[in-house]
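Visitor: just coords:
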Ligand SMILES: C[S@@+](CC[C@H](N)C(=O)[O-])C[C@H]1O[C@@H](n2cnc3c(N)ncnc32)[C@H](O)[C@@H]1O
């Protein structure tokens with residue numbers, strides 16, 4: 001096993017304890033200083049998600065679920081662009097509290113903003129009643145990256161695929177952004193007989209290193225076929 005794999009396997013980012021502590025701190029920061037916390041993979045990844053949805057002529061009222069929503073930033077960005085049926089889930093209650101607090105403070109500034117629903121849910125062991133609704137679009141920005149940093153990666157991937165199967169409408173899209181996996185690796189992990197790969201989300205910016213072009217995160221789009 002390479003050094004890199006040893007480092008990944010022992011990462012704290014794969015544990016709930018890490019995220020509970022982090023969002024407790026971020027919620028305190030928001031309450032004390034108005035700092036909403038980190039935007040994972042930067043604003044450019046959010047912009048790519050929004051641009052992809054708009055470029056593919058996605059209706060503004062489709063139901064969109066963000067899994068592992070963190071501080072709810074991507075959903076708030078979608079709201080600012082007119083998307084109106086938005087829900088975020090995260091297994092940390094403090095992330096849900098932070099998302100609600102930031103979202104409400106934006107609404108105080110602009111009363112016309114719609115409400116975003118945020119809910120505590122572990123996608124590995126979801127409550128059965130969660131599946132009473134299905135979604136047109138499911139987003140993941142950095143959540144599978146964090147979840148996969150565990151010795152339990154295979155079991156978690158299986159549970160994640162079951163979650164997608166139950167919560168994505170037939171014909172619906174799953175859009176995932178990663179800094180850990182290549183497009184091909186994501187295709188191998190998430191593509192199966194009922195979820196097919198559609199495309200890679202184009203990069204907004206790329207960097208050049210050693211004569212090679214690269215992007216900071218990779219976005220992949222899948223569609224549920226059955
Ligand atoms: C790298 S952060 C990304 C947060 C957010 N998507 C963003 O882009 O800002 C990973 C997020 O996944 C959440 N998470 C990890 N495992 C989860 C699980 N099993 N169910 C729900 N959320 C989970 C963490 O609490 C954290 O908010």
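Guide: Perfect, I can see it now. Computed from a predicted structure; not experimentally measured. Numbering: from 1, shown residues only.

Visitor: how about the secondary structure of the residue nearest to the spatial centre of the chain?
Guide: What sits nearest the mean C-alpha location of the chain, by C-alpha atoms, centre = their mean, is residue 140, with 2.4 Å. Following DSSP: H, G, I helix; E, B strand; the rest coil, we place residue 140 in the strand state.

Visitor: residue 173 is in contact with that one, correct?
Guide: No - using C-beta atoms under 8 Å, residue 140 is not in contact with residue 173, being 11.5 Å away. All C-beta atoms are positioned from the backbone trio N, CA, C, and that covers glycine.

Visitor: what stretches of this protein score poorly on pLDDT?
Guide: Applying pLDDT under 70 to the chain flags residues 1-10, 204-215.

Visitor: quick one, strands of it?
Guide: Remark: strands assigned in the chain by DSSP state E are 63-67, 85-90, 117-120, 135-141, 168-178, 195-201, 207-209, 212-214, 218-224.

Visitor: quick one: contacts for residue 122?
Guide: residue 91 (C-beta atoms under 8 Å, 6 or more residues apart in numbering).

Visitor: do you know how far it is from the ligand?
Guide: 4 Å (C-beta to the nearest ligand atom, to the nearest Å).

Visitor: before we move on, what about residue 11?
Guide: Computed with C-beta to the nearest ligand atom, the distance linking residue 11 and the ligand is 11 Å.

Visitor: just checking, that residue touches residue 149?
Guide: Yes - taking contacts as C-beta under 8 Å, residue 11 lies within contact range of residue 149: 4.0 Å.
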